[in-house]
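Novice: what follows is a predicted structure for the sequence shown.
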Amino acid sequence: MTTRRVVTGAHYGLKDWLAQRITAVVLLAYVSILVASVAGGAAANYDAWAGLFARDWFKIVTLLAMLSLSWHAWVGVRDIYMDYIKPTAVRLSLQVFTIVVLIGYLCWTALILWKV
């Protein structure tokens, strides 16, 4: 007779761990590009700074970085909610609120980037 082991949980630990690492690498690459641009004098004044963000490739890279930041934040905050907020209704409400705020920030970022 074999005994089946009951495993509980959400079963997405490896996926979340990998997402955190990948988004961190994307953010590191973006910060490196930004620092190199600033160090190279590409953002010495407001016009140069606006010119940097006026380039389509930089807008796309910035939006990708903000998407990575949102995903990175979501995974971290969701894990905090799951670990420390025990009442399901409160946890679900906080998760929905966080998702709405992060999507709002992404939309706001896109609006700002494409106004430049």
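Specialist: Arrived safely, thanks for sending.
Novice: and the helix or strand hosting A29, which residues are buried?
Specialist: A29 belongs to helix 13-39 when assigned by DSSP states H and E. Buried residues in helix 13-39, counted by 16 or more other CB atoms under 10 Å: 19, 23, 26-27, 30, 34, 37. (Each C-beta comes from the backbone N, C-alpha and C, glycine too.)
Novice: cool, stretch 100-116 as well?
Specialist: Within stretch 100-116, the residues scored as buried using 16+ other CB under 10 Å are 102, 106, 109, 113.
Novice: burial count for A65?
Specialist: Counted with other CB atoms under 10 Å, residues neighbouring A65 total 20.
Novice: try T62
Specialist: For T62, the neighbour count with other CB under 10 Å is 20.
Novice: pretty sure it sits against R55.
Specialist: No: in this structure T62 lies outside contact range of R55 using CB atoms under 8 Å: 9.9 Å.
Novice: picking that back up, which one of the buried residues of helix 13-39 is nearest V90?
Specialist: A19 (24.7 Å; CB to CB).
Novice: not counting its neighbours along the chain, what's nearest the closest one?
Specialist: Nearest residue to A19 in three dimensions, chain neighbours excluded: V75, at 5.5 Å (CB to CB, 6 or more residues apart in numbering).
Novice: contacting residues for the one you found?
Specialist: 16, 19-20, 23 (CB atoms under 8 Å, 6 or more residues apart in numbering).
Novice: and the helix holding A29, what does it pack onto?
Specialist: The elements that helix 13-39 packs onto, with contact taken as 3 or more CB pairs under 8 Å, 6 or more residues apart in numbering; DSSP states H and E, are helix 56-84.
Novice: what helix or strand does F53 sit in?
Specialist: Using DSSP H and E, F53 falls in helix 46-54.
Novice: CA-only coordinates of that helix in CSV, if you can.
Specialist: Extracted in CSV, the C-alpha atoms of helix 46-54 (Å, rounded to 0.1, in the frame of the first residue of the first chain):
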residue,chain,number,x,y,z
TYR,A,46,16.0,69.9,-19.5
ASP,A,47,16.0,70.0,-23.3
ALA,A,48,18.6,67.3,-23.5
TRP,A,49,16.7,65.2,-20.9
ALA,A,50,13.5,65.7,-22.9
GLY,A,51,15.4,64.8,-26.1
LEU,A,52,16.5,61.6,-24.6
PHE,A,53,13.0,60.6,-23.7
ALA,A,54,11.7,61.8,-27.1
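Novice: since that was my last question, I'll sign off now.
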